[in-house]
Structures are given as structure tokens and as C-alpha cells.
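Undergrad: My questions concern the predicted model and sequence given below.
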Amino acid sequence: NAGVMQNPRHLVRRRGQEARLRCSPMKGHSHVYWYRQLPEEGLKFMVYLQKENIIDESGMPKERFSAEFPKEGPSILRIQQVVRGDSAAYFCASSPTFAKNTGELFFGEGSRLTVL
Amino acid sequence: GDSVTQMEGPVTLSEEAFLTINCTYTATGYPSLFWYVQYPGEGLQLLLKATKADDKGSNKGFEATYRKETTSFHLEKGSVQVSDSAVYFCALILTGGYQKVTFGTGTKLQVIP
């Protein structure tokens, strides 16, 4: 499968635990975007990363949330000390290295986090 | 800031009915406009796009025209099918920026036989 791969597809955590969501972009893509979809709401931009760099994290909550995209391996969105309000679908998208602002993002199937 | 406003759903239509989903935008620059579709349990897929005023994007029987004068990009389809049931997102990206796409809240479409 050459598409954007996200795992786990479903994750259940208790309040106070940590959640780690992983995203492998499409082959040849070095730009990764994370979006959050809350119930009954649209997609909200969280963070944009290139390899080893965070380009724009203006949509990330100031505390408990972090993201990385290392030189090797998948991008990881990490949520520490989860609360019930973090329950949502987290989508990763990627775009080609030289996308020239086409606006076309390739989305994974999402990771659905449930906080008990 | 930049934003996209869509009509609220859900929209319920009978098969073969005409579909319109309204979308208007606010942007500081000159955006490109998009419609994405999300089928149940899946990620979003690009449905169609338009990059300049009066452009018409089309795909799978869906169409949308970039109207700069009314800052709108309404999605239309002449005859919907049950398989079109999904959530539709209007979106924009500013020309010259990187791929930071701003999405509307989505409109759920349900087509009944």
C-alpha cells in the first residue's frame, strides 16, 4: 500500500495516560500535516512538519501536545496526560517535496482516540 | 484570518435529486479552492479544485465554479446516488504559501434510495 499509513487506527486511553499516533507519508513525500477532527466539527490544522523540522505548529495546543518527524521513521503525534476532550480523530496528510502549493493533500484513514 | 463557511448539514436527498452545497470564503490573499470528500470511516480525498476566478472544477459528476465576486465555491451535482453519501468539505489554500489547507466544518450528505 503506497498511501499514507496511520496507526493505530483506534486507540483507547484512560485519563492521564499518553497517546502516541504514528504516520508514514506516501513514498516520496517529505511534508507531513496533522489535523484533528472533533465530533461534529471540521478539520482543524495542528502542525506542519518536514523532515527533522517543525515548520508551523500554530494549531497545536500549548501544553501536552508535541509532534516530530525524524530523519528516519514515521511522524509521531504525542499527547501526554490525555483528557476526555482529546477524544477525536487525528488525521495525517502528506504532500510531495516540491508540491508548489497545489493544495492537494493525501490523507491517511485517521487514528481515532478515545479517552475514558 | 482565512476561513471557509459551509451550509450546515445534514442534507438528505432522494436518489437522482439535484445537489447544492453552499460554500463561501474569506481570505487575505488570492486563494485556490477545493472540495474534499470523506466517506464513512475513511480519510479525506480531493474531489475537485479551482485555482483562479471563473475556473470550474469537476469530477465524478460534481462541479464547482470559483466566483470571486461573491467569494463562493458552491458544490453541485445534477443527480446524486446513494454512493455519494459522505461528508463534503470546502477548503482553501493561499497562493504562494505552503500546503496549509483551511477546511470548512463539513456538510454531511445522505442519499436515500
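TA: Nice, thanks for sending it over.

Undergrad: immediately after the helix or strand A:Ile76 falls within, which helix or strand?
TA: Assigned by DSSP states H and E, A:Ile76 belongs to strand A:75-79. The C-terminal neighbour of strand A:75-79 among helices and strands, as given by DSSP H and E, is strand A:88-96.

Undergrad: strand partners of that next one, parallel vs antiparallel please.
TA: Next to strand A:88-96 in the sheet, as set by DSSP bridges, lie strand A:29-37 (antiparallel), strand A:106-107 (antiparallel), strand A:111-115 (antiparallel).

Undergrad: tell me which helix or strand of chain B sits lowest on mean pLDDT?
TA: Ranked by mean pLDDT, DSSP states H and E, the helix or strand of chain B with the weakest confidence is strand B:102-103, at a mean of 89.

Undergrad: contacts for that one?
TA: Residues outside strand B:102-103 that contact it (CB atoms under 8 Å, 6 or more residues apart in numbering or on different chains) are A:35, A:42-45, B:2-4, B:36, B:89-93. Where you see a C-beta, it was placed from the backbone N, CA and C, and this is true even at glycine.

Undergrad: so how far is it off the chain centroid?
TA: From the chain centre to the centre of strand B:102-103 is a distance of 11 Å (CA atoms, centre = their mean, to the nearest Å).

Undergrad: what pairs with it, and is each one parallel or antiparallel?
TA: For strand B:102-103, pairing defined by DSSP bridges yields strand B:86-94 (antiparallel).

Undergrad: What lies in contact with the partner strand?
TA: A:42-43, A:101, A:103, B:2, B:4, B:6, B:9, B:21, B:23, B:25, B:27-40, B:44, B:47, B:73, B:75, B:99-109.

Undergrad: Export only the CA atoms of it, formatted as CSV.
TA: Extracted in CSV, the C-alpha atoms of strand B:86-94 (Å, rounded to 0.1, in the frame of the first residue of the first chain):
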residue,chain,number,x,y,z
ALA,B,86,-20.4,11.2,2.6
VAL,B,87,-19.2,14.4,4.3
TYR,B,88,-18.1,17.1,1.9
PHE,B,89,-15.5,19.7,3.0
CYS,B,90,-14.9,23.0,1.3
ALA,B,91,-11.3,24.2,1.6
LEU,B,92,-8.8,26.9,0.6
ILE,B,93,-5.1,27.5,0.3
LEU,B,94,-3.4,30.8,-0.2
